[in-house]
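Colleague: Take this sequence and fold it.
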Amino acid sequence: MPPIRPIGHEDRLSVVEHLDELRSRLIICVVAFVVAWSLTAWQNHLVLEIVNRPLPEGIEPITLGPAEAFYTTLTNAAYAALLISLPVILYQLYAFVLPAFSPTEKRVAFPLLMLVPVLFVAGVVFCYFIVLTPALDFLLNFNADEFNTQVRARDYYSFVTLLMIAMGIGFQIPVGVLVACRLGVTSAEKLRRSRRYAIVVIAVLASLLPTLDPITLLLEMIPLIALYELSIWLASALGRPSAEVSDQVASAEGS
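Modeller: A predicted model of the protein is given here:
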């Protein structure tokens with residue numbers, strides 16, 4: 001693997017050099033994931049204990065095949081490894097993309113890119129500690145007199161993982177709004193006027209997440225609405241389009 005040297009905005013690299021750098025960074029990402037996966041596979045009992053904790057007392061996931069416990073454990077460890085190695089993966093992505101920005105653009109882009117993993121982790125943590133327990137209580141006790149409800153390990157871990165990833169992505173609302181404001185697509189004033197429509201869109205997005213029960217839907221909507229309000233405040237403070245974008249918008253309107 002060729003060494004990765006710092007690259008500035010003024011550097012001009014060939015296609016081969018860009019591909020060599022991309023390959024090196026991908027190798028680093030794979031190595032980070034494999035190391036994290038080795039750690040989580042070694043501590044798989046701890047990982048399973050953490051993921052199973054939101055389940056109601058007395059309920060344990062079941063498996064229906066001789067190899068399902070083995071494959072489910074490895075898959076769950078891989079999900080945990082992805083979360084652990086995410087900072088390294090995102091750093092390599094940022095390091096590959098940032099040289100394309102000018103110094104002025106970099107001052108705007110860098111804080112936004114740093115905000116992405118912070119908000120993602122916040123969404124995962126919020127889902128685990130706030131959303132999962134009441135959602136599982138509601139779903140597992142729904143019509144409990146009519147069903148013998150069992151929790152299959154594979155389905156449960158997929159449900160938890162998809163829900164946490166969806167919440168992590170949903171928490172990216174401020175980043176998307178700030179980017180749109182910096183590009184001149186929208187503004188804080190337009191966001192305030194569109195608040196009612198935004199709430200409807202948030203409700204639709206929350207309903208597309210892996211669960212449709214009203215408890216989870218409400219718990220998912222509250223932070224998304226709060227993040228939208230935070231986006232309006234951030235857009236007022238930081239979301240003014242740059243001079244280059246303003247000139248481009250003005251020239252487009254003039255033509």
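Colleague: only C-alpha atoms for contact and neighbour calcs from this point on.
Modeller: OK.
Colleague: Name the residues of the longest helix seen in the chain that come out as buried.
Modeller: Counting by DSSP state H, the longest helix found in the chain is helix 68-97. Across helix 68-97, burial judged by 16 or more other Cα atoms under 10 Å covers 69, 72-93, 96.
Colleague: Next: stretch 131-138.
Modeller: For stretch 131-138, by 16+ other Cα under 10 Å, it's 131-136.
Colleague: name the helices or strands packed onto the helix or strand following the longest helix of the chain?
Modeller: Counting by DSSP states H and E, the element after helix 68-97 in chain order, helix or strand, is helix 103-126. Under the contact criterion of 3 or more Cα pairs under 8 Å, 6 or more residues apart in numbering; DSSP states H and E, helix 103-126 touches helix 68-97, helix 153-170, helix 173-182.
Colleague: which one of those lies closest to Leu115?
Modeller: helix 173-182 (7.2 Å; Cα to Cα).
Colleague: Any idea how far the closest one is from the middle of the chain?
Modeller: 15 Å (Cα atoms, centre = their mean, to the nearest Å).
Colleague: go on, stretch 121-138?
Modeller: On Cα atoms, centre = their mean, the centre of stretch 121-138 falls 14 Å from that of its chain.
Colleague: just stretch 154-166 next, same as before
Modeller: The answer for stretch 154-166 is 13 Å, by Cα atoms, centre = their mean.
Colleague: Run the angle between the longest helix of the chain and helix 103-126 for me.
Modeller: Orientation note: helix 68-97 sits at an angle of 160 degrees relative to helix 103-126 (axes from the mean of the first three to the mean of the last three Cα atoms, to 10 degrees).
Colleague: Which residues outside stretch 63-77 are in contact with it?
Modeller: Outside stretch 63-77, the residues that touch it by Cα atoms under 8 Å, 6 or more residues apart in numbering are 37, 40-41, 44, 47-48, 152-154, 157.
Colleague: Recalculate using a threshold of 10 Å.
Modeller: 36-48, 51, 61-62, 78, 80-82, 151-155, 157-158, 161 (Cα atoms under 10 Å, 6 or more residues apart in numbering).
Colleague: Quick one: mean pLDDT for it?
Modeller: Average pLDDT, stretch 63-77: 89.
Colleague: Put the alpha carbons of it into CSV.
Modeller: These are the backbone C-alpha positions of stretch 63-77, laid out as CSV (Å, rounded to 0.1, in the frame of the first residue of the first chain):
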residue,chain,number,x,y,z
THR,A,63,-33.2,-19.4,17.2
LEU,A,64,-34.9,-21.9,14.9
GLY,A,65,-31.9,-23.6,13.2
PRO,A,66,-28.7,-25.3,14.2
ALA,A,67,-26.4,-22.6,12.7
GLU,A,68,-28.6,-19.6,13.3
ALA,A,69,-27.1,-18.7,16.7
PHE,A,70,-23.6,-18.7,15.1
TYR,A,71,-24.5,-16.6,12.1
THR,A,72,-26.6,-14.2,14.1
THR,A,73,-23.8,-13.7,16.7
LEU,A,74,-21.3,-12.9,13.9
THR,A,75,-23.8,-10.5,12.2
ASN,A,76,-24.6,-8.7,15.4
ALA,A,77,-20.8,-8.4,16.1
